[in-house]
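In: Here you go, sequence then predicted model.
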Amino acid sequence: MNFDQQKAQKIWQTVCLILAGKVSSYGLVADLAGLPGRARMVGRVLQHAPSEMQLPWHRVLRSNGQIAFAPGSDSARRQIELLRLEGVEVCRNRVKMKRYGWLPQLDELLQMKF
DNA sequence: GTATTGACAGACG
DNA sequence: GCGTCTGCCAATA
């Protein structure tokens, strides 16, 4: 069993828990996935994640609520569009974390942990 | 084994 | 809110 795969699984699970219309940050996802300080690894895993999973990667932003991709980039525009479709207002490659910030629910975390 | 890069985070100004 | 610097960890060259 590859532990690496397990970490990735945990990350994917955590990202999948993010509700529509809400956004989270890499650091938070990494923390919830049991990888404190490994926010970069989250990004790498997400990019390496299979499309079959339909992972809501677009709901994962920086800690400041800014889009991780470069402004005007294809991926960035796609992410922004997806977020807007879910009701998340994106302004200048940035979302209002104060309003759309997602806080993990204990029930969901508990459910995924065991 | 060292240097560079990356879908990052936090502190400072 | 924005740019810069430092710290962190993993993958890549």
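Out: Looks like it arrived, so ask away.
In: Now name the helix or strand holding the residue in chain A that DNA strand B sits nearest to.
Out: Here chain A gets closest to DNA strand B at one residue, A:Gly43, 2.8 Å apart by CB to the nearest atom of the strand. C-beta: built from backbone N, CA, C; applies to glycine. Assessed by DSSP states H and E, A:Gly43 sits inside helix A:39-48.
In: can you tell me if that helix touches DNA strand C.
Out: Yes - using CB under 7 Å from any atom of the strand, helix A:39-48 reaches DNA strand C at A:Arg40, A:Met41, A:Arg44.
In: hang on, the earlier thing: pretty sure the residue of chain A closest to DNA strand B contacts A:Ser25?
Out: No - using CB atoms under 8 Å, A:Gly43 makes no contact with A:Ser25, being 11.1 Å away.
In: who has more neighbours, the two?
Out: Neighbours were counted for A:Gly43 and for A:Ser25 using other CB atoms under 10 Å; A:Ser25 has more, 21 against 18.
In: Tell me who's in contact with the more buried one.
Out: A:Ala39, A:Val60, A:Leu61, A:Arg62, A:Ser63, A:Gly65, A:Met97 (CB atoms under 8 Å, 6 or more residues apart in numbering).
In: Find the pair from these with maximum spatial separation.
Out: Greatest spacing in those, by CB to CB: A:Ala39 and A:Met97 (15.2 Å).
In: Show the average pLDDT along stretch A:44-55.
Out: Stretch A:44-55 shows a mean pLDDT of 89.
In: Next, the buried residues of it.
Out: Within stretch A:44-55, the residues scored as buried using 16 or more other CB atoms under 10 Å are A:Val45, A:Leu46, A:Ala49, A:Leu55.
In: and A:Pro36, how many residues sit next to it?
Out: Neighbours of A:Pro36 (other CB under 10 Å): 10.
In: Please point out which parts of the host helix or strand of A:Gln13 sit buried.
Out: Secondary-structure assignment from DSSP H and E places A:Gln13 in helix A:3-17. Within helix A:3-17, the residues that count as buried by 16+ other CB under 10 Å are A:Lys7, A:Ala8, A:Lys10, A:Ile11, A:Trp12, A:Gln13, A:Thr14, A:Val15, A:Leu17.
In: Please consider this matter closed, and thank you.
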